[in-house]
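Trainee: pasting the structure only:
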């Protein structure tokens, strides 16, 4: 731009010295979008595509912003599920800013504070709001690292406080309830046999949902006595899980489904629309969640009223962890079972009861063996 053109550009008016700065305009939270990142296994190109889309409708330097975030996201988010969740959270924030005509690279901490309030007023759980704020902190920190925004602004955004989150809020089932859930699954149909095998694996292995639904038939092995399932856990950790009592329903399911020779195929598969068989693809992540709700109700357990968050698929993992501890497993053994990097995470999963104090007291062996004076 020439100097003459710059001289002709009108300067914005400055507010009077004592004038109050108007707060960012608040708009209702836009409906969420979850279709922009559909498909399997997004690689770096797909990450770049959704970021480019997020910034394309703004005045931002889209190529620079995308190039700043893509390598970082691909490095720190090892799970495809995490990449999709990050993308959805970032996209929703950018759309919310677009509704207010705010460039994403000109966002301030005040905008983020108003966005937080909009999320809470929309009824989102504190855990969801905290996660979204974490996404924004990471995003704007990385943009500041790449010189696309001021460090002071990124630090102010990072200082926006998340709402208090109650730890250990995922409800678990009692041992009796877990057994009732399994007994409520009908086994006269292929779907019922599959569901019993699926729920049994969750209860015995304590795996996360991504590990179980990502397993293939060939990931099963036996040493002649026990059966095992090889899974890929969080942060791409490979683990071997003993199946114990879950082996029988799993083997029955494979036999009934006729998939024993399809070693590279998915282990747990969705039913065909006509219910005549199985499709050759992995279950969707939401299917086990819906099945837990379904069989809780069949067992007379209200999945929506048990605990503040309601029973979900992660409740089965927490149930397995608690049942192992209550039946004598040490915290270190359960930490290895759960695949926790820090034993403090395992301790958070454990639901403490008043009876624990009595159990601890009975383990004390300070006893007088004879009466005084004898």
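Mentor: Right, received. Where do you want to start? Quick caveat, the model's predicted, so the values are computed rather than measured.
Trainee: Which residue, other than its chain neighbours, is closest to residue 48?
Mentor: In space, not counting the residues next to it along the chain, residue 48 is nearest to residue 70; the distance is 4.9 Å by C-beta to C-beta, 6 or more residues apart in numbering. Just so you know, the C-beta spots here come from the backbone N, C-alpha and C atoms, and that holds for glycine as well.
Trainee: And for the one you found, the neighbour number?
Mentor: By the other C-beta atoms under 10 Å criterion, the neighbourhood of residue 70 contains 18 residues.
Trainee: any idea which helix or strand carries it?
Mentor: Per DSSP states H and E, residue 70 falls inside helix 62-76.
Trainee: Kindly report the same for residue 91.
Mentor: Assessed by DSSP H and E, residue 91 sits inside helix 80-99.
Trainee: what packs against that helix?
Mentor: The contact analysis (3 or more C-beta pairs under 8 Å, 6 or more residues apart in numbering; DSSP states H and E) places helix 80-99 against helix 44-56, helix 109-121, helix 126-145.
Trainee: which regions of this structure lie under the pLDDT threshold?
Mentor: Along the chain, segments meeting pLDDT under 70 span 1-47, 50, 53-63, 78-79, 166-168, 306-309, 353-356, 358-359, 367-374.
Trainee: Identify each of the strands in it and give its residue range.
Mentor: 220-222, 227-232, 238-242 (DSSP state E).
Trainee: Mean neighbour count, those: which tops it?
Mentor: Of all these, strand 227-232 carries the top mean neighbour count, a mean of 19, counting by mean count of other C-beta atoms under 10 Å.
Trainee: Can you spell out which helices and strands pack onto it?
Mentor: Other helices and strands packing on strand 227-232, by 3+ C-beta pairs under 8 Å, 6+ apart, are helix 190-205, helix 209-213, strand 220-222, strand 238-242, helix 247-257.
Trainee: export the ones you listed to CSV and tack on distance to residue 298?
Mentor: Formatted as CSV, those follow (distance: least, C-beta to C-beta, whole Å):
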stretch, distance to residue 298
helix 190-205, 11
helix 209-213, 20
strand 220-222, 28
strand 238-242, 26
helix 247-257, 17
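Trainee: Quick check: which of these is nearest to residue 104?
Mentor: Set against residue 104 and scored by C-beta to C-beta, those come closest in helix 209-213, at 29.7 Å.
Trainee: From the contact counts, what lies against the closest one?
Mentor: In this structure, helix 209-213 makes packing contacts with helix 190-205, strand 227-232, helix 286-298, judged by 3+ C-beta pairs under 8 Å, 6+ apart.
Trainee: And the chain, split by domain according to the record?
Mentor: The chain resolves into domains spanning 31-158, 175-353 when parsed by automatic domain parsing.
Trainee: For residue 332, see how far away the closest residue to residue 350 other than its chain neighbours is.
Mentor: Excluding the flanking residues, the one nearest residue 350 by C-beta to C-beta, 6+ apart is residue 325, at 5.6 Å. In this view, residue 325 and residue 332 are 11 Å apart by C-beta to C-beta, to the nearest Å.
Trainee: what about the two, which has more around it?
Mentor: residue 325 (20 against 10).
Trainee: still on that earlier bit, can you give me the buried ones in the helix holding residue 91?
Mentor: Residues of helix 80-99 classed as buried: 80, 83-97 (neighbour count, 16 or more other C-beta atoms under 10 Å).
Trainee: And the furthest pair within those?
Mentor: Longest span within the buried residues of helix 80-99, C-beta to C-beta: 80 and 97, 26.1 Å.
Trainee: Give the closest residue to residue 269 in space, chain neighbours not counted.
Mentor: residue 278 (4.1 Å).
Trainee: I'd say that neighbour and residue 259 touch.
Mentor: Yes: assessed by C-beta atoms under 8 Å, residue 278 is found in contact with residue 259 at 7.2 Å.
Trainee: what is in contact with those two at once?
Mentor: Counting by C-beta atoms under 8 Å, 6 or more residues apart in numbering, the residues touching both residue 278 and residue 259 are residue 269.
Trainee: Now render the domains of the chain as TSV, adding distance to residue 365.
Mentor: Converted to TSV, the domains of the chain look like this (distance: least, C-beta to C-beta, whole Å):
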stretch	distance to residue 365
domain 31-158	43
domain 175-353	17
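Trainee: Select, out of these, the one closest to residue 364.
Mentor: Comparing those against residue 364 with C-beta to C-beta, the closest turns out to be domain 175-353 (17.0 Å).
Trainee: these two touch, right, residue 256 and residue 196?
Mentor: No: Residue 256 lies out of contact with residue 196 (C-beta under 8 Å); the separation is 10.8 Å.
Trainee: Of these two, give the one with the bigger neighbour count.
Mentor: Counted by other C-beta under 10 Å, residue 256 and residue 196 do not tie: residue 196 has more neighbours, with 23 against 16.
Trainee: got the contact list for the more buried one?
Mentor: Counting by C-beta under 8 Å, 6+ apart, residue 196 makes contact with 182, 185, 187, 249, 253.
Trainee: Can you get me a residue count around the last one?
Mentor: It stands for residue 253. Counted with other C-beta under 10 Å, the neighbours of residue 253 add up to 25.
Trainee: Quick check: nearest residue in space to it, chain neighbours excluded?
Mentor: In space, residue 253 is closest to residue 197, 3.9 Å off (C-beta to C-beta, 6+ apart).
Trainee: any idea how far residue 255 is from the one you found?
Mentor: Here the criterion is C-beta to C-beta. By it, residue 197 lies 11 Å from residue 255.
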